[in-house]
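Participant: Below are the sequence and a predicted model for it; my questions follow.
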Amino acid sequence: MAIKTCVDGHVPYGNYRRAASLRRATGWSDETARRAVRDWLQSDLNPAVQLGRLASSRAQIVALYNLYNSSVDLPVRTRVIEGQVTRMLDGADGDDELCAAGSLAVLHWISQEAEQRKPGQTADLIPASGVARCLGVEDMASAEAMRLLEAEGDHDLCGLAAILGSSMRTLQRQLAAEGLTVTDLRLAARQQRALRLLSRGLGLCQVAAEAGYADQAHMARSIKAACGMTPRSIAALFKAAPGSLQEVAARP
């Protein structure tokens, strides 16, 4: 699931809201929802969350949060302006308290992580291999393949199978049993490299080339499909002066 949300984006809002209704029926409170979101975020590889881990300040995190909410097609949009949180209906027939609590928990959790960093400490993405280790599934074929892709760069099916001591057919079958393909894994690894390079202020063409995309257009489609945001808007936000972060995040 962590790889799929990394490549394909988060679950549709309708599914999110139905899940909230089911949890409410079992007695969940806002605090229960916030704790569940904190647990989930520790294994979330989607760019919308991963970029927050690379942010250098709360202002940058808030700007990223607003950029995501304005970029993705959401029936309820959450925005933070001058410290005040607003929830705007944009197609939904009403808000949901547990959904609202979950959305704010995302912002709070990522901001708290940034505030707890020691001066000069460099933040980084959570690797897929680290998520697999945390979930106790590091022996799965997808985890072993991602570990190679993250450590050594891009490999095709033939290369991965050879290094893992497997046949191509066997590796494909193992990944299929996990709901994944080699293409999914390569896209996820490529995307994570691109996010890290974008946060460092590199030009878009250079990021696309170094991350392993065929060209800048392929990178843009991949990242936008995963999180709604474009590489250009992400790069602009990380390059922006602190005083202009809200302005950058407000751009379409």
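Facilitator: Right, received. Where do you want to start?
Participant: Tell me which helix or strand Val80 sits in.
Facilitator: In this structure, Val80 sits in strand 76-81 according to DSSP states H and E.
Participant: ok, then the element right after that strand?
Facilitator: In N-to-C order, the element after strand 76-81 by DSSP H and E is strand 84-89.
Participant: before we move on, back to that, any idea of the angle the strand holding Val80 forms with strand 84-89?
Facilitator: The directions of strand 76-81 and strand 84-89 differ by 160 degrees, with axes from the mean of the first three to the mean of the last three C-alpha atoms, to 10 degrees as the criterion.
Participant: So for strand 76-81, mean pLDDT?
Facilitator: What strand 76-81 shows for mean pLDDT is 88.
Participant: ok, it: who's next to it in the sheet?
Facilitator: strand 84-89 (antiparallel) (DSSP bridges).
Participant: could you give the angle of the helix or strand just after the strand it pairs with to strand 84-89?
Facilitator: Downstream of strand 84-89, the next assigned helix or strand under DSSP H and E is helix 97-115. Inter-element angle recorded for helix 97-115 and strand 84-89: 140 degrees (by the same axes, to 10 degrees).
Participant: Could you name the helices and strands sitting against helix 97-115?
Facilitator: Packing partners of helix 97-115 (3 or more C-beta pairs under 8 Å, 6 or more residues apart in numbering; DSSP states H and E): helix 13-25, helix 30-41, helix 47-54, helix 58-71, strand 76-81, strand 84-89. From N, CA and C alone the C-beta is placed, and that goes for glycine too.
Participant: how about a cut-off of 7 Å?
Facilitator: Using 3 or more C-beta pairs under 7 Å, 6 or more residues apart in numbering; DSSP states H and E, the elements in contact with helix 97-115 are helix 13-25, helix 30-41, helix 47-54, helix 58-71, strand 76-81.
Participant: Could you export the longest one as CSV, CA atoms only?
Facilitator: By that I understand helix 58-71. Provided in CSV are the C-alpha atoms of helix 58-71 (Å, rounded to 0.1, in the frame of the first residue of the first chain):
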residue,chain,number,x,y,z
ARG,A,58,7.1,25.4,9.9
ALA,A,59,6.3,28.2,7.3
GLN,A,60,7.5,26.0,4.5
ILE,A,61,5.5,23.0,5.8
VAL,A,62,2.3,25.2,6.0
ALA,A,63,3.0,26.4,2.5
LEU,A,64,3.4,22.8,1.2
TYR,A,65,0.2,21.8,3.0
ASN,A,66,-1.7,24.7,1.4
LEU,A,67,-0.2,23.9,-2.0
TYR,A,68,-1.3,20.3,-1.8
ASN,A,69,-4.9,21.2,-0.7
SER,A,70,-5.2,23.7,-3.5
SER,A,71,-3.7,21.4,-6.1
